[in-house]
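Novice: Sequence first, predicted coordinates after that:
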Amino acid sequence: MAFCSCDGGPPPEEFVYEVVLTSQLDKLRATLLQHHRTEMERLRQQNLKLRTELGLARQGIDSEEDPLVTTVADKDLPAASAPLLVEVHPGRVERDDALKPAERWALLAASLLDGEAVQQEDGPSSPLAASYAPVPLQMKATWAAGVHHMRQVRSFRTTLTGFNSSLRMQDAVQEEDSIFQRFVVGPRSKQQMFWSTLGTLWIVWDLITIPLGLFQVEEFIKAMSNVARVSFVYWLFDIPVHFFFGVERKGKLEMRPSVLARHYLRSWFWVDVLIVGLDATLITVEALRDMGVNSTIFRSARFLRTLRLLRLLRLVRVAKLQQELMLLANSFLSTHAFMVVKICVGLVMMLMINHIIACCWYGIGTFDIDGKNWIAQADMQTVSFGEAYAASMHWALTQFTPATQDIAPSNALERVFALLVILMAIGVFSSFITSITATMSSLRKARDDTNKIHMTLFRFFNQRNLSVGLYGKVEEALRIDGLASVRVKESEVPVLAKMPERLKMQLHEEMYLPLVQVLGFWPTAEPDHQYFYSNLCHTCISEDVCTQQQDVFMPGTDCKNVLVIETGMMHYFARNQAGILTRNQEVKNEDVLCLPSLWADWHHRGRLTASSGTCYYIKIKADEFALLANKFGGAMWIHLQIFGVLLISEIENRDERSNIKEHVTDIQLSPSVRIQNSRIL
């Protein structure tokens, strides 16, 4: 639409509607921008003044009263912040000298979080993360609550007691007042490992050589007797040594000398004393016989055979072998290696059982009952040791498997022994075959799953004609991931889901609370805060693991969790918009990442990679954390709200600076920048 002049001619250009509208809009824009700059400058100056006062208060250079409360809260904060609060929220804020300093801080924080104040303009560029434009920080709506949260009293809030146990898994229990405590060594110590390994070797030696003593090989028997004297010294010292060997009992390391003594006296002590006493008797008798003592007993062949049979009682120590092997296996073997070793040990144990049966079978054949025995029946009285042992082993193996042999019992004693062996073979052999089959099936399934993954990956790359270099990198990453040993996760223990909720809360508190305390911004501990910490660990935290060469997050992606490293080491990389690497830092135990995501919408500003092995960490869910704090209310809410406002403000100020070293990344700010709010509350 256009205006017309009185004489009917075209109107001047300045009266055209579009021109007038444009002119007025330009003036309005200039006025609004000027007002905006004025307000922003005033807010910036006010913020700088408050920070200065806070810094002076932390340094303790003010009056004898609390410097933060007197200088900032009681004096400057009402005068400085009241105009801002009234202007932003007219009618909401009334000057009340009776308000506590914490309430004034809460009013200021709530007003800044309502979103009605003018926000700062973004800078032209932000050299933070690699190749993405930084998004302006926006406080989460959950944190924009008023001061009434400080005055809320939750009816459901209770103090949870009994959750903090001073004794944790693998902790050692000791007796400080015992004079023998200094001599006790742990179950995984080098001393106990060495002694257990030596004991294992002696048990295996006895397992092989003692049954062979039933064969009539005098040279071997003499050599075995000499070695038996050396092993006797070991077993003699083994009895007192076990009073100072710590044990694992119900997850704890029992190191108390009195408890260890009672435990040993109730378990292996009397058996060890009996066997050592038997060894001492045998060594004494053999020494007397070698000295030429004139006695018909020592020259009796039946007595010598009975003496050799008594040596078999020393094989009771084989029951200790499983305990020693389990201790060594748990210390040095992975799960896959343990399964392979389990199969090998099963085969060896089957051979050892048949070895003992074969030797006993030959020993029984040396007894003449009614003038008959299987050795005479098979005409093997004069055969060599090797042939006699092979024939006995052949007979023993045929009792476990359906095979033929030409040896049969010829008297009542041999038939009774053969029946007992067959009955034992029915149970032992079937159990052994079942165990071996199950273990082999597990190994085969694991190998088939791995082959299937590699074949599927190969078809994927082949069908799309992708590069060989990328395929090699993916294969290498899969190989390294397969070698990684990962501890058991909570989700992999189904029985934990059936526990009562109170026990789950206690479990999560013991798992996560030490890492939660690493965050470092919590207020002074109060009994009422125990409920908040317990629910935080129970509802807002989960555990995760990252194996070598895996990425935890990438630049520019949304951040919903705060990460706290538990064990292991990772690397953090960040680049600016120009592609220049500005941060290459190791992240290790108790380091915190992405802390601002608890209060604002945060986007990752770098890449976190596990480049040095497996790393375990926990994730604190930002949204659940904010809801829990909002629900809890009170002084905890006010403390977290103020801390969040000041932290986000500090990050925004740093983002505006041009110095590359001041750029804020996902890694937590240095301790000198962390705001200490405990004195405010």
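Specialist: Good, I have the coordinates. For clarity, every value in this text was computed on a predicted model and none was experimentally measured. Residues are numbered from 1 along each chain as shown.
Novice: separation between the residue lying closest to residue 602 once chain neighbours are set aside and residue 619?
Specialist: Residue nearest to residue 602 in three dimensions, not counting chain neighbours: residue 559, with 4.3 Å by Cβ to Cβ, 6 or more residues apart in numbering. Using the backbone N, CA and C atoms, a C-beta is placed for each residue, glycine as well. Noted for residue 559: a distance of 11 Å to residue 619, by Cβ to Cβ, to the nearest Å.
Novice: Next: residue 613.
Specialist: Relative to residue 619, and taking Cβ to Cβ, residue 613 is found at 20 Å.
Novice: next one: residue 421
Specialist: 60 Å.
Novice: so what's the residue nearest to residue 602 up against?
Specialist: Listed by Cβ atoms under 8 Å, 6 or more residues apart in numbering, the contact partners of residue 559 are 553, 594, 597, 602, 603, 604, 622, 666.
Novice: Give me the buried subset of the residues you listed.
Specialist: Buried members of the contacts of residue 559, scored by 16 or more other Cβ atoms under 10 Å, are 553, 594, 597, 602, 603, 604, 622, 666.
Novice: which helix is the longest one in this protein?
Specialist: In the chain, taking DSSP state H as the definition, the longest helix is helix 412-463.
Novice: nearest residue to residue 600 other than its sequence neighbours?
Specialist: Nearest residue to residue 600, sequence neighbours excluded (Cβ to Cβ, 6+ apart): residue 137, at 4.4 Å.
Novice: ok, the one you found touching residue 605?
Specialist: No: in terms of Cβ atoms under 8 Å, residue 137 does not count as a neighbour of residue 605; the distance is 11.5 Å.
Novice: Name the residue in these two with the higher neighbour count.
Specialist: Between residue 137 and residue 605, counted using other Cβ atoms under 10 Å, residue 605 has the larger neighbour count: 28 against 18.
Novice: which SS class is that one?
Specialist: At residue 605 the chain is in coil, as set by DSSP: H, G, I helix; E, B strand; the rest coil.
Novice: so what's it scoring on pLDDT?
Specialist: pLDDT for residue 605: 88.
Novice: And the residue lying closest to residue 541 once chain neighbours are set aside, how far from residue 639?
Specialist: Using Cβ to Cβ, 6+ apart and skipping residues adjacent in sequence, the residue nearest residue 541 is residue 512, 4.7 Å away. Going from residue 512 to residue 639 by Cβ to Cβ gives 20 Å.
Novice: Quick one: end-to-end length of stretch 601-620, please.
Specialist: 15 Å (Cα to Cα, to the nearest Å).
Novice: and what of stretch 255-275?
Specialist: 27 Å.
Novice: same thing with stretch 612-626?
Specialist: Per Cα to Cα, stretch 612-626 runs 34 Å from first to last residue.
Novice: for that stretch, the distance to its chain's centre please.
Specialist: 13 Å (Cα atoms, centre = their mean, to the nearest Å).
Novice: what's the average pLDDT for that stretch?
Specialist: 89.
Novice: do the same with stretch 366-383
Specialist: Per-residue scores along stretch 366-383 average to 83.
Novice: Pull out the buried positions in that stretch.
Specialist: Within stretch 366-383, the residues scored as buried using 16+ other Cβ under 10 Å are 366, 373, 374, 375, 377, 378, 380.
Novice: and those as CSV, adding distance to residue 210 and secondary structure?
Specialist: What follows is those, written out as CSV (distance: Cβ to Cβ, whole Å; DSSP: H, G, I helix; E, B strand; the rest coil):
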residue, distance to residue 210, secondary structure
366, 16, coil
373, 22, coil
374, 22, helix
375, 20, helix
377, 27, helix
378, 24, coil
380, 22, coil
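Novice: Please identify which of those is nearest to residue 643.
Specialist: Nearest to residue 643 among the buried residues of stretch 366-383: residue 366, at 87.6 Å, using Cβ to Cβ.
Novice: Spit out the contact partners of the closest one.
Specialist: Shown in contact with residue 366 (Cβ under 8 Å, 6+ apart): 214, 216, 305, 373, 375.
Novice: Take these and write them to TSV, including distance to residue 398.
Specialist: Below are those laid out as TSV (distance: Cβ to Cβ, whole Å):
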residue	distance to residue 398
214	20
216	24
305	25
373	19
375	17
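Novice: Just the strands from the stretch 451-600 of the chain, written as ranges.
Specialist: 541-546, 551-553, 558-559, 561-567, 570-575, 581-587, 592-593 (DSSP state E, counting those that start in this stretch).
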